[in-house]
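Asks: Using only what follows, build the 3D model:
(2 chains)
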Number of protein chains: 2
Amino acid sequence: MSKIVAEKLDQAVALLREYKLDCWITFVRETGQVMDPALDLITGFGLTWVSALIITASGRKIAIVGRYEADNVRKLEAWDEIIGYDTAIEPHLRDVLSKLDPQSIGLNYSLSDPASDGLTFGMYAKLAQLLAGTPYPARFTSAEDVVRRLRERKSTTERARVQTAIARTHDLYAKLFALPVRGMTEIEIHRQAGVYAAELGAEFGWERLTDPIVNAGPDSSIGHGIPAELVVTPGQVLHIDMGLRVNDYCSDFQRNAYILREGETTAPEPVATAWAACRAALEAGRAAIKPGIAGVEVDTAARTTMVQQGYPEFMHAFAHHLGRRVHDGGGILGPRWQKYSDLPNKPIERGAIYAIELGTMVEGHGYLGLEENVVVADAGAEYLTTPQTELILL
Amino acid sequence: MSKIVAEKLDQAVALLREYKLDCWITFVRETGQVMDPALDLITGFGLTWVSALIITASGRKIAIVGRYEADNVRKLEAWDEIIGYDTAIEPHLRDVLSKLDPQSIGLNYSLSDPASDGLTFGMYAKLAQLLAGTPYPARFTSAEDVVRRLRERKSTTERARVQTAIARTHDLYAKLFALPVRGMTEIEIHRQAGVYAAELGAEFGWERLTDPIVNAGPDSSIGHGIPAELVVTPGQVLHIDMGLRVNDYCSDFQRNAYILREGETTAPEPVATAWAACRAALEAGRAAIKPGIAGVEVDTAARTTMVQQGYPEFMHAFAHHLGRRVHDGGGILGPRWQKYSDLPNKPIERGAIYAIELGTMVEGHGYLGLEENVVVADAGAEYLTTPQTELILL
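Replies: Now for the predicted structure:
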């Protein structure tokens, strides 16, 4: 882990220069309660007592943390100066800032990007209170550009870890689709995924309750539904959406099977046609990905391909970042809906890793959901997953 | 889970009346990035799209969530009205608030209590922006009293769940101390705890990286240290701090063993004396716990008992709440150090569950750390754990 922290701290210094920010402070406490996602990258673990993690454009990396956690930070061998305090952070914080005298201080808040918005309202007020009477509260600004880019620009080490998580997920899907799924319930398949994950040494990428999402047929709760007592039955689509975390990095992709009825050797026409339409739209979106273009353009390519083939719009964004978390980094490839704020306008960066996805409900059969993981290269998006090009027939 | 959510929502309505707050809004998004701990109690799961969970003193419970998560909220059977939206929360939020017209709107922010401070700075600003031009932003206030009490006042169901987590932790400790620990490293014991937890169907209460904390001898990193390659050796104290989560509720307590040297049948005098002193101080603290008194009084009872016996002050608070999380609720039983803000002054409530703890380093032998879990009854604190009264001799 320490290797990635060191890489990310160096990258943070470069980003502070690129965005002309003097200093970046991650200000946290009791992250077992509220975890600032920026800590994923700059420590790799949580902190209990009020802590300030300070990085400057001049390359200084200073951690002020509770005494009982200073050793953990020391062992990262990535921070220059580690101050472990007992009763009050205030004198240390004032002392460090007065020596650095930064002209701008970036904090982790953002209206649009959740990954850059780890500072709570109470902690913002507390920081201003601790620094009352100094010039520093007036120099607070958002560090969102730095934090977002730090998540989005994956290093080679990070990309390799995502690929490992993807490989384990392929392994787990192979085991799940080898199960005698006819007659099993969503809950049973979900439970069995837990056993396989433990055997593979993987954790789940999001809350266990809904990871994997298992949709058996048309009556299942689509989207982020909790697995239910629905039984897998011939004539149905069995759709699974799963993410795994391996060595701190995540995968997130979906797979689809059709449960053959007696006498059938292929999926019926409405399922096969919808599958082909979804595949075409997913490929149209993937083909549109290029460094520098706005996310909304990619989303539009996929969305209009669905609509032109006579299918409804999918009611979510086409793609989200993937990395330390399954929803990682801010700039989504999505439509300009109010709930996405200005995120769809952000340019796509080289090296970014996305989960691209869309789907449709096939009446009487169930939900088809396609999702793959890609990395952005100069020429466009390359698959990190082995994409599902054909429905699995069971 | 649904049963607890229904219980907690009813309790929330009563608390809004008690604290004369018209309305309480939990306002979240992408909780896979930043999780507001209030969601533990009012949904039991995270939410992806911008969501507003609105509870009023008149007893209304309205959830405005992304369409793909509305079904999960519906299945709780605890919310009266569930609005699942597609593109923008704004019209729904404005509509609901204009009908309710609350005179005060509590939000999840607090300078002192992390568990009541789940609203990010960006989300606070976003809420104000979505309601611009209405009278409501001017009616925002902190909901911290309501949120804190909601965590702290455990229902019978919640207490039973903590007891189950404690029972599993006793089981796991029994397995760990039955291991041939001489010659094992901290890392090996930590790894083995993972195997046992999986067998017992338990998750860890805090980050796996430091749960359990394993301290072998005097060179180990005390506090929240990450297990290292240190070897368990005769003459050492082996100290373990572990929390488990079972069915969403947590335990958190510590255990200590002395590794006998050849010819020894008991721990040497400095270890035995320190053990007795720690036990006396822990009991002094426990005896001081009574509903209504300030947390600092309890801390002082334990702290002065340590000092009067010639041992240094422990450099942390004596007790923290325990429940959905290992550090649960805000009012700690601790000293009036700046880092604890006004939390030590909060009165102790009947039904609260605490982890009480203290310890000391015995030179040349290692760290002794005592921690037990108690519930506050009318007459005082009752043990939920079977307390460790004697050192384990191995």
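Asks: secondary structure class for whichever residue of the stretch 51-200 of chain A sits closest to chain B?
Replies: In the stretch 51-200 of chain A, the residue that lies nearest chain B is A:Y68 (2.4 Å; CB to the nearest CB). For glycine as for every other residue, the C-beta is placed from the backbone atoms N, C-alpha and C. Assigned state for A:Y68: helix (three-state reduction, DSSP: H, G, I helix; E, B strand; the rest coil).
Asks: OK, contacts around the closest residue to it other than its chain neighbours?
Replies: Excluding the flanking residues, the one nearest A:Y68 by CB to CB, 6 or more residues apart in numbering or on different chains is B:G223, at 2.4 Å. Neighbouring residues of B:G223 by CB atoms under 8 Å, 6 or more residues apart in numbering or on different chains: A:G66, A:R67, A:Y68, A:E69, A:D71.
Asks: For those residues, could you give me JSON lines that also reports neighbour count and pLDDT?
Replies: Listed next are those as JSON lines, based on neighbours: other CB atoms under 10 Å in any protein chain shown; pLDDT from 0 to 100:
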{"residue": "A:G66", "neighbour count": "22", "pLDDT": "95"}
{"residue": "A:R67", "neighbour count": "17", "pLDDT": "92"}
{"residue": "A:Y68", "neighbour count": "19", "pLDDT": "89"}
{"residue": "A:E69", "neighbour count": "25", "pLDDT": "92"}
{"residue": "A:D71", "neighbour count": "19", "pLDDT": "92"}
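Asks: near chain B, which residues of the stretch 151-300 of chain A?
Replies: For the stretch 151-300 of chain A, the residues in contact with chain B (CB under 8 Å from any CB of the partner chain) are A:A198, A:W206, A:E207, A:L209, A:T210, A:S221, A:I222, A:G223, A:H224, A:G225, A:I226.
Asks: and the first one, what helix or strand is that in?
Replies: Right, A:A198. Using DSSP states H and E, A:A198 sits within helix A:186-200.
Asks: just checking, what packs against whichever helix or strand comes after that helix?
Replies: Counting by DSSP H and E, the element after helix A:186-200 in chain order, helix or strand, is strand A:203-204. Packed against strand A:203-204, as judged by 3 or more CB pairs under 8 Å, 6 or more residues apart in numbering or on different chains; DSSP states H and E, are the following elements: helix A:186-200, strand A:244-246.
Asks: Could you spell out the sheet neighbours of the helix or strand following strand A:203-204, each with its direction?
Replies: Using DSSP H and E, the helix or strand that follows strand A:203-204 in sequence is strand A:213-216. Using DSSP bridges, strand A:213-216 pairs in its sheet with strand A:237-242 (antiparallel).
Asks: So which residues make contact with the partner strand?
Replies: Identification of contacts with strand A:237-242 by CB under 8 Å, 6+ apart yields A:169, A:172-173, A:176, A:181, A:189, A:193, A:204-205, A:211-217, A:220, A:232, A:251-259, A:271, A:359, A:362, A:365-369, A:371, A:394.
Asks: which element is the residue in chain A sticking out farthest from the centre on?
Replies: Ranked by distance from the centre of chain A (CA atoms, centre = their mean), the top residue is A:G263, with 42.3 Å. Counting by DSSP H and E, there is no helix or strand that carries A:G263.
Asks: elements contacting the strand ranked longest in chain A?
Replies: With secondary structure taken from DSSP state E, chain A has its longest strand at strand A:366-377. Judged by 3+ CB pairs under 8 Å, 6+ apart, the packing partners of strand A:366-377 are helix A:156-177, strand A:213-216, strand A:237-242, strand A:253-258, helix A:269-288, strand A:353-362, strand A:380-383.
Asks: hmm, back to that, quick check, nearest of the residues of the stretch 151-300 of chain A next to chain B to B:T389?
Replies: A:A198 (35.9 Å; CB to CB).
Asks: How about the closest one: what's its closest non-neighbour residue?
Replies: B:A198 (5.8 Å).
Asks: Pull out the buried positions in the longest strand of chain A.
Replies: Of the residues in strand A:366-377, A:G366, A:Y367, A:L368, A:G369, A:L370, A:E371, A:E372, A:N373, A:V374, A:V375, A:V376 count as buried by neighbour count, 16 or more other CB atoms under 10 Å in any protein chain shown.
Asks: For the residues you listed, give me CSV that also has distance to B:R325.
Replies: Converted to CSV, the buried residues of strand A:366-377 look like this (distance: CB to CB, whole Å):
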residue, distance to B:R325
A:G366, 37
A:Y367, 34
A:L368, 38
A:G369, 33
A:L370, 37
A:E371, 31
A:E372, 35
A:N373, 32
A:V374, 36
A:V375, 36
A:V376, 38
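Asks: May I see the residues you listed arranged in a markdown table, with pLDDT as well?
Replies: Shown next, in a markdown table, are these (pLDDT from 0 to 100):
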| residue | pLDDT |
| --- | --- |
| A:G366 | 97 |
| A:Y367 | 97 |
| A:L368 | 98 |
| A:G369 | 97 |
| A:L370 | 98 |
| A:E371 | 98 |
| A:E372 | 98 |
| A:N373 | 98 |
| A:V374 | 98 |
| A:V375 | 97 |
| A:V376 | 96 |
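Asks: Need the three-state assignment for the closest residue to chain B within the stretch 201-350 of chain A.
Replies: Closest approach between the stretch 201-350 of chain A and chain B, counting by CB to the nearest CB: A:G223, at 2.4 Å. At A:G223 the chain is in coil, as set by three-state DSSP.
Asks: quick revisit: and the residue nearest to A:A198, how many neighbours does it have?
Replies: 13 (other CB atoms under 10 Å in any protein chain shown).
Asks: hmm, back to that, tell me the most buried of the helices and strands packed on strand A:366-377?
Replies: strand A:213-216 (a mean of 28; mean count of other CB atoms under 10 Å in any protein chain shown).
Asks: per-residue confidence averaged over it?
Replies: Mean per-residue pLDDT for strand A:213-216: 96.
Asks: what residues does it touch?
Replies: Contacts for strand A:213-216 (CB under 8 Å, 6+ apart): A:185-187, A:189-190, A:220-222, A:224-225, A:227, A:230-233, A:236-242, A:366-367, A:369.
Asks: Of the residues of the stretch 151-300 of chain A next to chain B, which is the nearest to A:P114?
Replies: Relative to A:P114, the closest of those is A:W206; by CB to CB it sits at 13.6 Å.
Asks: Quick check, the closest one in contact with B:E30.
Replies: No - in this structure, A:W206 is not within contact of B:E30 by CB atoms under 8 Å, at 10.6 Å.
Asks: Do you have the strands of the stretch 1-150 of chain A handy? List them.
Replies: Assigned by DSSP state E, counting those that start in this stretch, the strands in the stretch 1-150 of chain A fall at A:23-28, A:51-56, A:61-66, A:81-85, A:105-107, A:140-142.
Asks: thinking again about what came up before, now the helix holding A:A198: buried residues?
Replies: In terms of neighbour count (16+ other CB under 10 Å), helix A:186-200 has its buried residues at A:E186, A:E188, A:I189, A:H190, A:Q192, A:A193, A:Y196, A:A197.
Asks: Tell me how far the residue of the stretch 201-350 of chain A closest to chain B lies from A:E313.
Replies: 15 Å (CB to CB, to the nearest Å).
Asks: got it, and A:I62?
Replies: 49 Å.
Asks: And A:E199, by the same measure?
Replies: In terms of CB to CB, A:E199 sits 39 Å off from A:E313.
Asks: what do you get for A:T265?
Replies: In terms of CB to CB, A:T265 sits 33 Å off from A:E313.
Asks: More neighbours: which of those two?
Replies: Remark: of A:T265 and A:E313, A:E313 carries more neighbours, 14 against 6, as counted by other CB under 10 Å.
Asks: Thanks a lot, catch you later.
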